[in-house]
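Engineer: What shape does this take:
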Amino acid sequence: MKQTEMSRLSREDDNSSTNSNEYNYPDCPRKVPLNEPYADLDPESENFLPDKNPGKKKYETEYHQGNASFGMSVFNLGNAIMGSGILGLSYAMANTGIALFVILLVAVAICSLYSVHLLLKTANEGGALVYEQLGHKAFGMPGKLAASCSITMQNIGAMSSYLYIVKYELPIVIEAFTGSNDEWYTNGDYLVLLVSLFIILPLSLLRNLGYLGYTSGLSLLCMVFFLIVVIIKKFQIPCPLPGAHHAENETVSKLLNATVSPNNTTAVDYSEACTPKYFVFNSQTVYAVPILTFAFVCHPAILPMYEELKDRSHRRMQGVANVSFLAMFIMYLLAALFGYLTFNIHVEPELLHTYSKVYNFDVLLLIVRLAVLTAVTLTVPVVLFPIRTSINQFLCASKFSWIRHTIITMVLLIGTNILVIFVPTIRDIFGFIGASAAAMLIFILPSAFYIKLVKKESMRSVQKIGATAFLLCGFVVMIGSMSLIILDWVHNATKEEHPDGH
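Structural biologist: Sure, this is the predicted structure:
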């Protein structure tokens with residue numbers, strides 16, 4: 001799934017086997033013996049290979065040789081891109097229409113690739129292959145805080161989205177085996193707490209995650225399997241859906257009336273609901289761009305993967321990004337299109353859960369649910385690891401402490417569970433994180449770092465003008481999306497308080 005810190009995680013696990021403690025952070029002051037090589041370097045540079053030739057410019061610094069092939073790097077970056085965001089794309093298409101969705105998908109993919117280009121050039125010039133270090137070199141502690149907080153928010157959003165899948169899908173799996181749907185053990189809130197307490201917490205408390213790093217590949221395979229099933233089910237599920245005229249679909253009926261004809265007070269024409277639309281504008285359209293940005297965030301993983309790339313060069317790593325983004329673009333488009341064509345306006349914010357409208361028990365969907373549940377459950381500790389490491393870094397904790405380790409882990413899991421239980425839908429997580437942290441990581445931070453650190457280009461150059469425009473675009477996307485999402489929340493809260501419209 002979405003592991004934006006997988007490469008750094010593997011490096012930290014390697015370091016834990018060679019060092020006497022887990023936390024050896026470059027920003028925490030320590031004494032350096034004079035006989036150590038490069039003893040005159042500032043602590044910020046210690047996790048990064050120093051310049052072997054002081055006469056070279058920063059962007060010509062020689063880094064250690066990586067050992068990851070082009071193909072393996074493509075696979076790893078695909079793992080970093082792919083995540084739970086794919087489950088919300090059909091909902092985004094249902095509220096934008098096919099044509100508008102494709103336009104937005106292409107635009108976000110191109111913007112993400114451009115920000116990768118900016119990051120790679122900035123890394124060569126700034127001499128750092130960690131997102132937070134670039135922030136520190138560019139703007140000092142505020143820059144590092146901005147990068148660290150954005151990555152932490154993005155990872156908390158990813159953890160929340162994974163636990164939402166547990167909340168939505170595990171009750172359906174249990175109902176399929178027990179035939180009961182009104183017992184306490186089919187309540188999603190209780191199940192999230194139990195899974196977090198008995199599975200995720202013990203795994204998260206491990207100092208070395210080891211084999212859990214491979215769940216990234218498992219998650220990608222699960223999502224490929226999910227995509228295949230979505231395509232197959234398109235040709236098996238009729239439209240309109242069975243029971244579409246029943247009272248349980250009253251909410252969907254209201255949505256259709258509001259979308260097709262806001263002033264229409266007559267009965268819903270369900271044949272209209274089965275006609276794909278190319279341009280749609282409604283109150284939920286504002287979530288489309290945040291959902292797409294959430295789905296494409298992988299930027300904190302770009303620099304560690306760049307460091308590990310064999311025969312490393314800017315051009316070669318950009319090629320890795322191009323291939324990975326193209327593959328994920330195709331997967332995202334197919335998942336969104338076939339999910340939308342299957343359910344049309346009936347699509348829910350989490351696509352896999354939408355199939356429960358049609359099937360109480362289906363072997364193929366049950367296998368998909370079990371595979372996805374296994375993958376996301378094992379992925380939560382992997383995503384939690386870099387958040388905890390970042391917190392320890394800011395605490396300058398040079399020695400490992402089980403008490404601190406346990407407290408940070410429990411606080412993160414408790415906070416994430418509270419979000420999942422009390423935030424009504426996964427759409428709000430996709431929307432808020434996509435509009436804030438994802439916009440920072442894709443648009444704002446890469447362009448700001450580039451403008452500040454790449455000194456060989458003047459502010460009047462085409463490259464700097466383009467980066468400045470990209471920065472302004474990022475602020476427009478973030479502020480605009482957040483404002484519209486908050487307005488939608490306020491509007492929905494007002495409707496709940498005054499359902500009669502008075």
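
Engineer: got any ranges where the stretch 101-250 of the chain has weak pLDDT?
Structural biologist: Residues of the stretch 101-250 of the chain meeting the criterion pLDDT under 70: 209-216, 241-250.

Engineer: residue ranges of the helices in it, please?
Structural biologist: For the stretch 101-250 of the chain, the helices defined by DSSP state H, counting those that start in this stretch cover 131-139, 141-178, 188-195, 201-204, 215-234, 250-260.

Engineer: got TSV for the ones you listed, with distance to residue 75 too?
Structural biologist: For every residue, glycine as well, the C-beta is placed using N, CA and C. Shown next, in TSV, are those (distance: least, Cβ to Cβ, whole Å):
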stretch	distance to residue 75
helix 131-139	21
helix 141-178	19
helix 188-195	28
helix 201-204	24
helix 215-234	7
helix 250-260	39
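
Engineer: Ok, which of those helices comes nearest residue 318?
Structural biologist: Residue 318 sits nearest to helix 131-139 of all the helices of the stretch 101-250 of the chain, at 17.3 Å, using Cβ to Cβ.

Engineer: Can you report how many residues lie near residue 197?
Structural biologist: Residue 197 is flanked by 13 other residues according to other Cβ atoms under 10 Å.

Engineer: gap between it and residue 310?
Structural biologist: Applying Cβ to Cβ, to the nearest Å, the value for residue 197 to residue 310 is 42 Å.

Engineer: what's the most buried one of the helices of the stretch 101-250 of the chain?
Structural biologist: Sort the helices of the stretch 101-250 of the chain by mean neighbour count, taking mean count of other Cβ atoms under 10 Å, and helix 131-139 sits at the top with a mean of 24.

Engineer: Show me what that one is packed against.
Structural biologist: Judged by 3 or more Cβ pairs under 8 Å, 6 or more residues apart in numbering; DSSP states H and E, helix 131-139 is in contact with helix 98-126, helix 141-178, helix 299-308, helix 445-453.

Engineer: what's the closest of these to residue 486?
Structural biologist: Closest to residue 486 of the helices and strands packed on helix 131-139, according to Cβ to Cβ: helix 141-178, at 16.4 Å.

Engineer: Which strands or helices does the closest one pack on?
Structural biologist: helix 131-139, helix 188-195, helix 351-354, helix 363-394, helix 402-422, helix 426-433, helix 445-453.

Engineer: For residue 128, which residues are in contact?
Structural biologist: Contacts of residue 128 were listed using Cβ atoms under 8 Å, 6 or more residues apart in numbering, and they are 48, 134, 136, 137, 303.

Engineer: was I right about the last one contacting residue 123?
Structural biologist: Yes: with contacts defined as Cβ atoms under 8 Å, residue 303 counts as touching residue 123 at a distance of 5.5 Å.

Engineer: and for these two, which residues touch both?
Structural biologist: Common neighbours of residue 303 and residue 123 (Cβ under 8 Å, 6+ apart) are 129, 134.

Engineer: more neighbours, the two?
Structural biologist: Looking at residue 303 and residue 123 with other Cβ under 10 Å, you find the greater number of neighbours at residue 123, namely 28 against 22.

Engineer: any idea how far the nearest residue to residue 218 once chain neighbours are set aside lies from residue 382?
Structural biologist: Closest residue in space to residue 218, ignoring its immediate chain neighbours: residue 375 at 5.1 Å, by Cβ to Cβ, 6 or more residues apart in numbering. With distances taken as Cβ to Cβ, residue 375 is found 11 Å from residue 382.

Engineer: and if you look at residue 285?
Structural biologist: When residue 285 is compared with residue 382 (using Cβ to Cβ), they lie 33 Å apart.

Engineer: neighbour-wise, which of the two wins?
Structural biologist: The neighbour comparison of residue 285 against residue 382 (other Cβ under 10 Å) goes to residue 382, with 25 against 19.
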